[in-house]
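Asks: prediction below, plus the sequence it came from.
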Amino acid sequence: EVQLVESGGGLVQAGGSLRLSCAASGFTFDDYAIGWFRQAPGKDRKRVSCISPRDGSIAYAESVKGRFIISRDNAKNTVYLQMKSLKPEDTAVYYCNAERVGFRGYWGQGTQVTVSS
């Protein structure tokens, strides 16, 4: 059974930090690009960051550059999103996504991040 399980969300004050984790199982983790997406109430789901499976290429949305850092540990089948200098506009449900060209993708159930002002 394929699973992507996010954790690490919570309530934090503006300026604070959180680290999200995405633990994967049930598929060949090393072959998949992993992305973090977020969806605020009433808004579309948008990609925050992603990391490629092998060469570690990374991309960030402009809104989080310099504040968020994505990393992956293939030995643990886990991807992390270190978030610092959090802002109220970062409030959203954060989702983990696994993608591989030519194969179906997978989504986690999401973890809530709330940043108070």
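Replies: Cool, got the structure. Numbers count the residues shown, from 1 in each chain.
Asks: all contacts plus neighbour counts: C-alpha atoms, from now on.
Replies: Will do.
Asks: please report how far residue 72 lies from residue 10.
Replies: Shown here: residue 72 relative to residue 10, a distance of 21 Å by CA to CA, to the nearest Å.
Asks: those two: who's more crowded?
Replies: Between residue 72 and residue 10, counted using other CA atoms under 10 Å, residue 72 has the larger neighbour count: 22 against 14.
Asks: next up, the contacts around the closest residue to that one other than its chain neighbours.
Replies: With CA to CA, 6 or more residues apart in numbering as the measure, residue 79 is the residue that lies nearest to residue 72, at 4.2 Å, once sequence neighbours are left out. Residue 79 sits next to 21, 22, 23, 34, 70, 71, 72, 73 when contact means CA atoms under 8 Å, 6 or more residues apart in numbering.
Asks: A strand includes residue 79, no?
Replies: Yes - secondary structure of residue 79, determined by DSSP: H, G, I helix; E, B strand; the rest coil: located in a strand.
Asks: now it: how far from residue 43?
Replies: Distance, residue 79 to residue 43, using CA to CA: 25 Å.
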